[in-house]
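Visitor: kindly return the folded structure for what I paste below:
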Amino acid sequence: MWWAGALIVDRLMKVKSSIAVLALVASACGGGEATQSGETEVDDSTATVTSQPAETSTQPPVDFPPDGFPAGVSALDDMASETFPPPLIPIEGIISGGPPPDGIPSIDDPMFTDVTTADEWIDDQEPVVVLDVDGDVRAYPVQVMIWHEIVNDVVGGVPVAVTYCPLCNSAISYVRTIEGRETTFGTSGRLFASALVMYDRATESLWTHFDGLAVVGVLTGHRLEPVASPLLSWADFKESHPDGQVLDREETGFGRPYGNNPYQGYDNPSSFPFLFNGDVDARSAAMQRVVGVRDGDDARAWTLAAISDEVAAATNTDVGDTELVILWSAGQSSALEGAQIASGRDVGSVGVFSPIVDGQTLTFSFDGESFVDDETGSTWDITGRAVDGELAGTQLERIPHLDTFWFAWSTYAPGTDLIEE
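Guide: Numbers count the residues shown, from 1 in each chain. The predicted structure is shown next:
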């Protein structure tokens, strides 16, 4: 994968990253030699794969009626087309991350298995992306997402795009309908501020992963509706949702060394983000892990040190006019540190919720064994569910948040408040 390696040599020389990072883009988008079945052969003894780009997704473009979206040039081919509305970000800042469009292939026909079966290949501390739409609860293991970045799915009857950006460690999901019309999303092969740039297959407009905003193309200015999809440890997921569905790594349609981390060593607080060419807000280190929440024009980020403790912690706080409680518990590994997804250091799991139940604002703490609210004495788990006491069975309203790196959050939310301790 010479084209991927050449792109990162200059940055690697400057930041003296580990040799393992030389292959991070090549391994995530590469696929080895294709077999007759269309899958790729990989060497499970290494965290990288070799040779050609990955298979291109075979999902066809959505066929909209004649009165649907306006015809235009694909932003994948010409970002500067005069037929587009003015771009919302500088197009010179949208750069190739190495692979071509769909070189990192989305999963467009996801298949699922049950918790018991998935437990045979997911370690307790591994992170999973969790989506709950009207009681349809699904887990998307990061060991799979890290190789595909986008899953186009239907959850609770709602068409959604589940997205994960390894370079900024962020999981975000969106309703994939635009003006009432359904489409699917793929990876563009490009980055903006070292973050995933998606494209829709209806018009091939470009969208930023962090805010679901069409920034270049005929749909410029459209924004997708977000759906909360936090990262949770597998142990917490299977305890809270024993009947949930799990994305099946055996049925992705692609051959990848699932469980291996192609970005080994990337989660390093003293390093610098890959192909990031902007200015990092100097209030914190670029690769500092933060939890970010928006409320309209207001934004706030908390470092892990500010919201965590040895076992668990509850932080009663707010963003703008919105009251929040942030729950943190140990037990989730960093997907981007060790050679295996499960071998990274413990960074914990985060849940962000509205503390208001039936008009009453609850105050939360951790009593050494469980999360407890002061007002009723009920106990709660990391998913915001009351498991015992007066409010047993109550589910707190989940507030969308991001577990990400400081460079990414401060770029997309400039002027954000930062809580460090």
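Visitor: quote the end-to-end distance of stretch 85-96.
Guide: 22 Å (Cα to Cα, to the nearest Å).
Visitor: got the contact list for that stretch?
Guide: By Cβ atoms under 8 Å, 6 or more residues apart in numbering, the residues outside stretch 85-96 that reach it are 7, 79-80, 189-193, 197, 206, 208, 213-216, 218, 220-221, 275, 277-278. Any C-beta I mention is one placed from the backbone N, CA and C, and that applies to glycine too.
Visitor: which parts of that stretch are buried?
Guide: Of the residues in stretch 85-96, P87, I89, I91, I94, I95 count as buried by neighbour count, 16 or more other Cβ atoms under 10 Å.
Visitor: can you show me the helices along the protein?
Guide: Secondary structure of the chain (DSSP state H): helices at 2-15, 24-29, 115-118, 142-148, 234-240, 304-307, 406-412.
Visitor: right, and G221 touches E179 too?
Guide: No: in this structure G221 lies outside contact range of E179 using Cβ atoms under 8 Å: 11.8 Å.
Visitor: low-confidence regions, this structure specifically.
Guide: 1-72 (pLDDT under 70).
Visitor: report the central residue of it.
Guide: A centroid search over the chain (Cα atoms, centre = their mean) returns A171, at 1.8 Å, as the residue closest to the centre.
Visitor: who's that residue bridged to?
Guide: Y164 (DSSP bridges).
Visitor: got a list of what it touches?
Guide: Contact analysis of A171 by Cβ under 8 Å, 6+ apart lists V129, V142, M145, V162, T163, Y164, S229, P230, L231, L402, D403.
Visitor: could you do G338 as well?
Guide: G338 neighbours (Cβ under 8 Å, 6+ apart): N261, Q264, G344, R345.
Visitor: which of the contacts of A171 sits closest to F364?
Guide: Using Cβ to Cβ, P230 is the member of the contacts of A171 that lies nearest F364, at 16.7 Å.
Visitor: so what's the closest residue to the closest one other than its chain neighbours bridging to?
Guide: Residue nearest to P230 in three dimensions, not counting chain neighbours: V130, with 5.7 Å by Cβ to Cβ, 6 or more residues apart in numbering. Per DSSP bridges, residues listed as beta-bridge partners of V130: A139.
Visitor: quick one: V130 from T116, how far?
Guide: Going from V130 to T116 by Cβ to Cβ, to the nearest Å gives 18 Å.
Visitor: repeat for L88
Guide: 46 Å.
Visitor: with D297 instead?
Guide: Relative to T116, D297 is positioned 46 Å away (Cβ to Cβ).
Visitor: next, A286: phi, psi?
Guide: As for A286, its main-chain torsions (degrees, to the nearest 10) stand at phi -50, psi -40.
Visitor: tell me the domain ranges of the chain?
Guide: What the record gives for the chain is the domain set 56-251, 289-419, from automatic domain parsing.
Visitor: among those, which comes closest to A282?
Guide: Nearest of these (Cβ to Cβ): domain 289-419, 9.5 Å.
Visitor: distance from the chain centre to that closest one, please.
Guide: Chain-centre distance of domain 289-419: 16 Å, with Cα atoms, centre = their mean, to the nearest Å.
Visitor: quick one: terminal-to-terminal distance for that domain?
Guide: Taking Cα to Cα as the criterion, the two ends of domain 289-419 lie 12 Å apart.
Visitor: can you check stretch 178-194 too?
Guide: For stretch 178-194, by Cα to Cα, the gap between its terminal residues amounts to 26 Å.
Visitor: cool, stretch 181-198 as well?
Guide: 18 Å.
Visitor: run a quick neighbour tally on E390.
Guide: For E390, the neighbour count with other Cβ atoms under 10 Å is 11.
Visitor: the contacts of stretch 85-96 in strands, which ones?
Guide: Here DSSP state E is the test, and these give G189, R190, L191, F192, V197, L206, T208, L213, A214, V215, V216 as lying in strands.
Visitor: look up how far A386 lies from the closest residue to the first one other than its chain neighbours.
Guide: Nearest residue to G189 in three dimensions, chain neighbours excluded: P99, at 4.5 Å (Cβ to Cβ, 6+ apart). For P99, the distance to A386 equals 45 Å [Cβ to Cβ].
Visitor: again with P400
Guide: 21 Å.
Visitor: those two: which is more packed in?
Guide: Set P400 next to A386 and count neighbours by other Cβ under 10 Å: A386 wins out with 21 against 15.
Visitor: so the more buried one touches E375, yeah?
Guide: No: counting by Cβ under 8 Å, A386 does not reach E375; the two are 11.8 Å apart.
Visitor: re the thing from before, which PyMOL command selects the buried ones in the contacts of stretch 85-96?
Guide: Buried residues within the contacts of stretch 85-96, by 16+ other Cβ under 10 Å, are selected in PyMOL with:
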select buried, resi 7+79+189+190+191+192+193+197+206+208+213+214+215+216+218+220+275
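Visitor: surely P273 meets Q288?
Guide: No: under the criterion of Cβ under 8 Å, P273 is not in contact with Q288, lying 11.2 Å apart.
Visitor: more neighbours, these two?
Guide: Counted by other Cβ under 10 Å, P273 and Q288 do not tie: P273 has more neighbours, with 24 against 21.
Visitor: mind checking how far the more buried one is from L336?
Guide: Taking Cβ to Cβ, one finds P273 at 11 Å from L336.
Visitor: what does E126 give?
Guide: E126 sits 12 Å away from L336, going by Cβ to Cβ.
Visitor: same thing with L327?
Guide: Relative to L336, L327 is positioned 23 Å away (Cβ to Cβ).
Visitor: please apply the same query to L362.
Guide: Remark: distance between L362 and L336 (Cβ to Cβ) = 34 Å.
Visitor: comparing those two, which shows the higher neighbour count?
Guide: L336 (26 against 23).
Visitor: identify the residue nearest the more buried one in space, chain neighbours excluded?
Guide: D267 (3.8 Å).
Visitor: quick check, the one you found in contact with N169.
Guide: Yes: contact criterion Cβ under 8 Å: D267 and N169 qualify, at 7.0 Å.
Visitor: give the intersection of the neighbour lists for these two.
Guide: R289, S334, A335, L336.
Visitor: just those now: which is nearest R138?
Guide: Among these, A335 lies closest to R138 (Cβ to Cβ), at 18.2 Å.
Visitor: and for the nearest residue to E397 once chain neighbours are set aside, the neighbour number?
Guide: Setting aside the residues directly before and after it, E397 is nearest to S354 in space (Cβ to Cβ, 6+ apart), at 4.2 Å. For S354, the neighbour count with other Cβ under 10 Å is 16.
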